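Peer 1: Need coordinates for the following:
(one chain, ligands or ions: 2)
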Amino acid sequence: MKKQIRESIIKTLSAMHPESRGDQQEQIESLLIQCVKNQPNWQKVGITISHYPEIETRHIIEKLWELGKKVVVPKCTHKTREMDFYEITSFDQLENVFLYLQEPNPQKTTLASKESIDALIVPGIAFNKEGYRIGFGGGYYDRFLAGFKGDTVSLAFTEQLRMDVPVEKYDLPVDMLITSQQVISCKEERNNENFL
Ligand SMILES: Nc1nc2c(c(=O)[nH]1)N(C=O)[C@@H](CNc1ccc(C(=O)N[C@@H](CCC(=O)O)C(=O)O)cc1)CN2
Ligand SMILES: Nc1ncnc2c1ncn2[C@@H]1O[C@H](COP(=O)(O)OP(=O)(O)OP(=O)(O)O)[C@@H](O)[C@H]1O
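Peer 2: Ligands and ions are numbered 1, 2, ... in the order given. Got it, this is the predicted structure:
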């Protein structure tokens, strides 16, 4: 089920018209930046380095730097499926690792503790309004979110919103979802409609 939704959305995202993609990207960025400006307590923000067809994050990272925010990005440990976040101040501190992933070079960056991260932008392939998500299937974020106390936000093209995201044992929802059209408070959505 998750695998099928994953594959179908990746296909849809790859087939998006560049213009619609560009428009949505711009709207999502501007809603996110507005949010960041309204959250002075978000001093340290965790975010991934995107890979097409994900929402582009490099421009977002530059804007975060401009706003004086600290930007931390994850490095994965394949064996334990855990992530550590390192602060980057330049894209030169990244290195290519396996698959498509760009990760911080630990020799050029500083480790940030989980407790020090104020907000996390959580990647994903499909989301529902309640904030439940399907990721790439590594379980990295589900593991990291267990015990994470900061705020969580996901960014989604409208093509990534689905009613039928299955919720499994370890799945943890995000607090907020930003699409090209709106900022959704997932917490409120979960309280509404007798969502269990
Ligand atoms: N841009 C970006 N970076 C990200 C994520 C993301 O979704 N997007 N992640 C979000 O979590 C983490 C990495 N997620 C990963 C998920 C799976 C595998 C992986 O190794 N998967 C399979 C091989 C691929 C396959 O199944 O076809 C494997 O386990 O061998 C690696 C990293 C951290 N960085
Ligand atoms: N907190 C956890 N502890 C142990 N196993 C976990 C935990 N979270 C997820 N898993 C396991 O990891 C695997 C992948 O999980 P899942 O399919 O939910 O990943 P995903 O949400 O698509 O990916 P990601 O979280 O990396 O974005 C599953 O087998 C799941 O049971």
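Peer 1: contacting residues around the residue in the chain positioned nearest to ligand 2?
Peer 2: Shortest the chain-to-ligand 2 distance, computed as CB to the nearest ligand atom: residue-wise this is Gly135, at 1.7 Å. C-beta coordinates here come from the backbone N, C-alpha and C atoms, glycine included. Neighbouring residues of Gly135 by CB atoms under 8 Å, 6 or more residues apart in numbering: Pro123, Gly124, Ile125, Tyr141, Asp142.
Peer 1: May I ask which two of those residues are separated the most?
Peer 2: Taking CB to CB as the measure, the contacts of Gly135 span a maximum distance of 13.6 Å, between Ile125 and Asp142.
Peer 1: more neighbours, these two?
Peer 2: Neighbours were counted for Ile125 and for Asp142 using other CB atoms under 10 Å; Ile125 has more, 23 against 17.
Peer 1: Quick check: the more buried one vs Ser30, distance?
Peer 2: Going from Ile125 to Ser30 by CB to CB, to the nearest Å gives 23 Å.
Peer 1: Which positions in this protein make contact with ligand 2?
Peer 2: Contact residues, the chain versus ligand 2 (CB under 6 Å from any ligand atom): 2, 134-143, 146, 168, 170-171.
Peer 1: what's in contact with stretch 104-113?
Peer 2: Stretch 104-113 is touched from outside by 44, 46, 70, 72-75, 84-88, 92-95, with contacts defined as CB under 8 Å, 6+ apart.
Peer 1: now do 6 Å
Peer 2: The contact list for stretch 104-113 (CB atoms under 6 Å, 6 or more residues apart in numbering) reads Val72, Val73, Lys75, Phe85, Tyr86, Glu87, Ile88, Gln93, Glu95.
Peer 1: And for stretch 77-97?
Peer 2: 46, 70-76, 102-105, 108-112, 139-140, 143-144.
Peer 1: Do any residues in stretch 48-68 lie close to ligand 1?
Peer 2: Yes - contact of stretch 48-68 with ligand 1 (CB under 6 Å from any ligand atom) involves Thr48, Ile49, Ser50, His51, Glu54.
Peer 1: The last one: neighbour count?
Peer 2: Per other CB under 10 Å, the neighbour tally for Glu54 reads 19.
Peer 1: Show the secondary-structure elements that the helix or strand of the chain with the lowest mean pLDDT is packed against.
Peer 2: Within the chain, no helix or strand scores below helix 186-191, which has a mean of 94 by mean pLDDT, DSSP states H and E. Helix 186-191 sits against no helix or strand, with contacts defined as 3 or more CB pairs under 6 Å, 6 or more residues apart in numbering; DSSP states H and E.
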